[in-house]
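A.B. asks: Predicted model and sequence follow; I will ask about them next.
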Amino acid sequence: MKSVFNRLVGLAVGVALVGAVNVASAADLSGAGATFPYPIYAKWAEAYKKQTGIGLNYQAIGSGGGIAQIKAKTVDFGASDKPLSPGELDAAGLTQFPTVIGGVVPVANIPGIKPGELVLDGATLANICLGTVKFWDDASIKKLNSGVNLPHLAVLGVHRSDGSGTNFIFTNYLSKVSLAWAANVGAATSVEWPSGIGAKGNEGVAGNVKQTQGALGYVEYAYAKQNSLTYIRMINHDGKAVDPTADAFQAASAKTDWAHAPGFYVTLTNQPGANAWPIAGATFILVYKHPADVAKTKEVLNFFKWAYANGDDMAKSLDYVPLPATTVNAIGNSWRANIDASAVP
Amino acid sequence: MLDLALSENIAALPTRDAALKRFGRRDARFRLLTLAAALLVVAIFLGIMVSLVTGALPALKAFGWGFLASSVWNPVTEKFGAFAAIYGTVVSAFLAMIIAVPLGIGIAIFLTELCPRALKRPIGIAIELLAGIPSIIYGIWGLFVFAPYFQVHVERGLIQVFGNIPYLQDLFAGPPYGIGMFTAALILSIMVLPFISAVTRDVFETVPHLLKEAAYGLGCTTWEVMWRIVLPFARSGVVGGAMLALGRALGETMAVTFVIGNAHHINESLLAPATTISATIANEFSEALGDRYVSSLIALGLILFAVTFVVLAVAQIMLKSLERRSGGKSA
């Protein structure tokens, strides 16, 4: 009898403790959305909690879910890989800003071709994906690669079958550089692919490309780098051939005219700049312009302000590309212009 | 403890009738409790149906019956049709059953009738372990190990061998990707094999020894005993196991999405990429933007529900008619 009583007391104490923990965590920030930036948000949050004691509960449920959750006001901020258009933002009373840049890198498997040896431009890449360029020794590819010994090998396109920000950035780029792509396929987190096979996730695309001679796919920069895949160099907006490096992604953002891009509605594809990698995109945070809980939104903005100032090395360690200083300044201006002054740190 | 309580209660009660009433009330309470448990299942089922239907309504309203017939799946223009996914789901599950049912029955026959005692347990445990492997493991294994091997050593051969035979050349046409409908069906058949063989083995073991021994005594071969005695006796159990497997094959998600190629096209060739309903939902739901897109994916879920229901209902009807016919014959 006594032992039962002791156990009950223990249980009660335990419940009380859990309750106390819950009370403590009520001050934590909550966010939901894109899966792509989850690792860096988690890393920032850990460091931020050590400094300030404020934690972040981020649920990587996908961009669609993130947008739905912030609209339902169940989270303090939403996160999306695809920027909302100014119209969509206004309709919901939201504003958005970018956090980190991700790049997309085309990878291939052609016998005898080493990483970085092959060069493509946007139009040719689009024609390959449309299925109009069928062989690797096609005249349009040869023209860009004089001196490279290209075999007569059929091209097999491998795309991401799961809806993803990577898909959006890649198809957005193809839409910008190819009228045929824009008219027939378009840009979205998943599209109706004219040819090729769909593989799940970066690992699925990379696996299929590795296994199939003649395959052409695209993966996130971090994935391509960590697995040393045979990447393809791209000819950018300025006509220069560039390698996919962290600097080249940052360059894609450096010359972007954020001031004339209401709500940061810019995808960093095909941006000007001699060193700019053409297939890049930022991932975004969504908050209310006139938040119901001003203090909470202020905490959210404080967190990202801290991350812009202190988080670059952490981002680089995970192969994300931090925003250039000009972009961070533009974000500060946008906060002051769009969000209630009492909520801006 | 309980016995003690009961006898105390009886002693305390003035009459036997009161005790009986008390027990009756207890039984009634127990019946209510189990009824509630059973009703919970019905409530969950109805809840899922209601949420699926309400979620799917916008898409069904927008596309009408055309949703079932169209194989366009274009998130950019927001035009959706389920036919390619339905086709892929049914064909991949059907192919998997063609492969797995004979294999599974073969395993069960070996285990119950022919297997040396020392091998019985190891093989039985191996099959049960196969059932315990999570489907994501099958998917990864299928993509990284099985598909490359299959591509080089099997698909190229199939394309060459059937290259000039009418019909078959269409079934095995095209470049060998390694992944596609056929690979998905093979992986599925491996996944459902344990269900079929385990259930079949268990029903085979319920066949009375008397029947089998009598048949052997009459001079039947092992083949005749299996085919004429054991299989007819265990028929409904075997079909039940196959149905369980078919249900799993229709709904399997993760393993299929890794190896089927996820293309919203219908292709005659079994080597070409295809997609299934559950693979489409798993791939696209998390990043689906726009009400019509999400609603179309939920409508796919509703259709999978309906497809599974129809397939299982047809199987039940087949089983009934099979039983009636054999019953008539023996009488």
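C.D. replies: The structure has been received and is ready for your questions.
A.B. asks: Near chain A, which residues of the stretch 151-300 of chain B? Just list them.
C.D. replies: B:151, B:175, B:177-180, B:257-258, B:261-264, B:273, B:275, B:279, B:282-289, B:294 (Cβ under 8 Å from any Cβ of the partner chain). Quick note: C-beta positions are derived from backbone N, CA and C, even for glycine.
A.B. asks: cutoff 6 Å now
C.D. replies: B:177-178, B:257-258, B:261-263, B:273, B:283-284, B:286-289 (Cβ under 6 Å from any Cβ of the partner chain).
A.B. asks: Quick check: chain neighbours aside, which residue is closest to residue 211?
C.D. replies: Unless you meant another one, I'm taking chain A. Excluding its sequence neighbours, the residue lying closest to A:Gln211 (Cβ to Cβ, 6 or more residues apart in numbering or on different chains) is B:Pro148, at 4.5 Å.
A.B. asks: I was after chain B.
C.D. replies: Nearest residue to B:Leu211 in three dimensions, chain neighbours excluded: B:Ile229, at 5.5 Å (Cβ to Cβ, 6+ apart).
A.B. asks: Tell me, how many residues neighbour the one you found?
C.D. replies: 18 (other Cβ atoms under 10 Å in any protein chain shown).
A.B. asks: Next, find the distance separating B:Phe146 from B:Phe94.
C.D. replies: Computed as Cβ to Cβ, to the nearest Å, the B:Phe146 to B:Phe94 distance reads 20 Å.
A.B. asks: More neighbours: those two, which one.
C.D. replies: Per other Cβ under 10 Å, whichever of B:Phe146 and B:Phe94 has more neighbours is B:Phe146, with 20 against 14.
A.B. asks: Am I right that that one falls within a strand?
C.D. replies: No - with DSSP: H, G, I helix; E, B strand; the rest coil as the criterion, B:Phe146 is helix rather than part of a strand.
A.B. asks: quick revisit: reformat the residues of the stretch 151-300 of chain B next to chain A as a markdown table; add pLDDT.
C.D. replies: Shown next, in a markdown table, are those (pLDDT from 0 to 100):
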| residue | pLDDT |
| --- | --- |
| B:Tyr177 | 83 |
| B:Gly178 | 86 |
| B:Thr257 | 91 |
| B:Phe258 | 91 |
| B:Gly261 | 88 |
| B:Asn262 | 89 |
| B:Ala263 | 87 |
| B:Pro273 | 90 |
| B:Asn283 | 88 |
| B:Glu284 | 87 |
| B:Ser286 | 77 |
| B:Glu287 | 76 |
| B:Ala288 | 80 |
| B:Leu289 | 76 |
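A.B. asks: Spatially, which two of these are the most separated?
C.D. replies: Pairwise distances across those peak at 31.7 Å for B:Gly178 and B:Leu289 (criterion: Cβ to Cβ).
A.B. asks: more crowded one of the two?
C.D. replies: The neighbour count for B:Gly178 versus B:Leu289, taken as other Cβ under 10 Å, is higher for B:Gly178 (25 against 21).
A.B. asks: how many neighbours does the closest residue to the more buried one other than its chain neighbours have?
C.D. replies: Spatial nearest neighbour of B:Gly178, excluding adjacent residues (Cβ to Cβ, 6+ apart): B:Gln151 at 3.1 Å. Look at B:Gln151: counted by other Cβ under 10 Å, it has 20 neighbours.
A.B. asks: Show me which residues of the stretch 151-300 of chain A sit near chain B.
C.D. replies: The stretch 151-300 of chain A comes close to chain B at residues A:161-164, A:186, A:188-192, A:197-198, A:200, A:207, A:211, as judged by Cβ under 6 Å from any Cβ.
A.B. asks: could you redo the last one with a cut-off of 8 Å?
C.D. replies: Residues of the stretch 151-300 of chain A lying near chain B by Cβ under 8 Å from any Cβ: A:154, A:156, A:161-165, A:167, A:185-193, A:196-200, A:204, A:207-208, A:211-212.
A.B. asks: and those residues, which of them are in strands?
C.D. replies: Taking DSSP state E as the definition of strands, those contribute A:156, A:197-199.
A.B. asks: is it true that A:Gln271 touches A:Thr256?
C.D. replies: Yes - assessed by Cβ atoms under 8 Å, A:Gln271 is found in contact with A:Thr256 at 5.6 Å.
A.B. asks: okay, and the helix or strand of chain A with the least pLDDT?
C.D. replies: helix A:2-25 (a mean of 47; mean pLDDT, DSSP states H and E).
A.B. asks: got the residue ranges for the strands in the stretch 51-200 of chain B?
C.D. replies: Here the stretch 51-200 of chain B has its strands, by DSSP state E, counting those that start in this stretch, at B:73-74, B:79-80.
A.B. asks: With the stretch 151-300 of chain A instead?
C.D. replies: Going by DSSP E, counting those that start in this stretch, the stretch 151-300 of chain A shows strands at A:156-160, A:197-199, A:215-220, A:233-235, A:241-242, A:280-288.
A.B. asks: mind putting those in TSV, distance to B:Gly219 included?
C.D. replies: TSV is the format used below for these (distance: least, Cβ to Cβ, whole Å):
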stretch	distance to B:Gly219
strand A:156-160	59
strand A:197-199	56
strand A:215-220	61
strand A:233-235	78
strand A:241-242	82
strand A:280-288	76
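A.B. asks: Out of those strands, flag the one nearest B:Ile105.
C.D. replies: Evaluated with Cβ to Cβ, the strands of the stretch 151-300 of chain A place strand A:197-199 nearest to B:Ile105, the distance being 33.9 Å.
A.B. asks: Which residues outside that closest one are in contact with it?
C.D. replies: Contact partners of strand A:197-199, identified using Cβ atoms under 8 Å, 6 or more residues apart in numbering or on different chains, comprise A:156-161, A:205, A:207-208, A:217, B:143, B:177, B:179-180, B:258, B:261-263, B:273, B:275, B:283.
A.B. asks: picking up where we left off before, tell me the spacing between the residue nearest to B:Gly178 and B:Ile260.
C.D. replies: 14 Å.
A.B. asks: what are the ranges of the helices in chain A?
C.D. replies: For chain A, the helices defined by DSSP state H cover A:2-25, A:38-52, A:63-71, A:86-92, A:122-130, A:139-144, A:165-177, A:179-184, A:201-211, A:221-226, A:246-254, A:294-310, A:312-317, A:325-338.
A.B. asks: Also the stretch 201-331 of chain B?
C.D. replies: For the stretch 201-331 of chain B, applying DSSP state H, counting those that start in this stretch gives helices covering B:209-217, B:222-224, B:231-233, B:235-251, B:254-259, B:277-284, B:291-330.
A.B. asks: contacting residues around whichever residue of the stretch 201-345 of chain A sits closest to chain B?
C.D. replies: Closest contact between the stretch 201-345 of chain A and chain B, by Cβ to the nearest Cβ, is at A:Gln211 (4.5 Å). Contact partners of A:Gln211, counting by Cβ under 8 Å, 6+ apart, are A:109, B:147-148, B:151, B:178.
A.B. asks: Buried ones in stretch B:87-100, by neighbour count?
C.D. replies: Of the residues in stretch B:87-100, B:87-93, B:95-97, B:99-100 count as buried by neighbour count, 16 or more other Cβ atoms under 10 Å in any protein chain shown.
A.B. asks: and if you look at stretch A:197-217?
C.D. replies: Neighbour-count burial for stretch A:197-217 [16+ other Cβ under 10 Å]: A:197-212, A:214-217.
A.B. asks: quick one: is whichever strand in chain A runs longest near chain B?
C.D. replies: Ranked by residue count under DSSP E, the longest strand found in chain A is strand A:94-108. No - Strand A:94-108 does not reach chain B (Cβ under 8 Å from any Cβ); its nearest approach is 14.0 Å.
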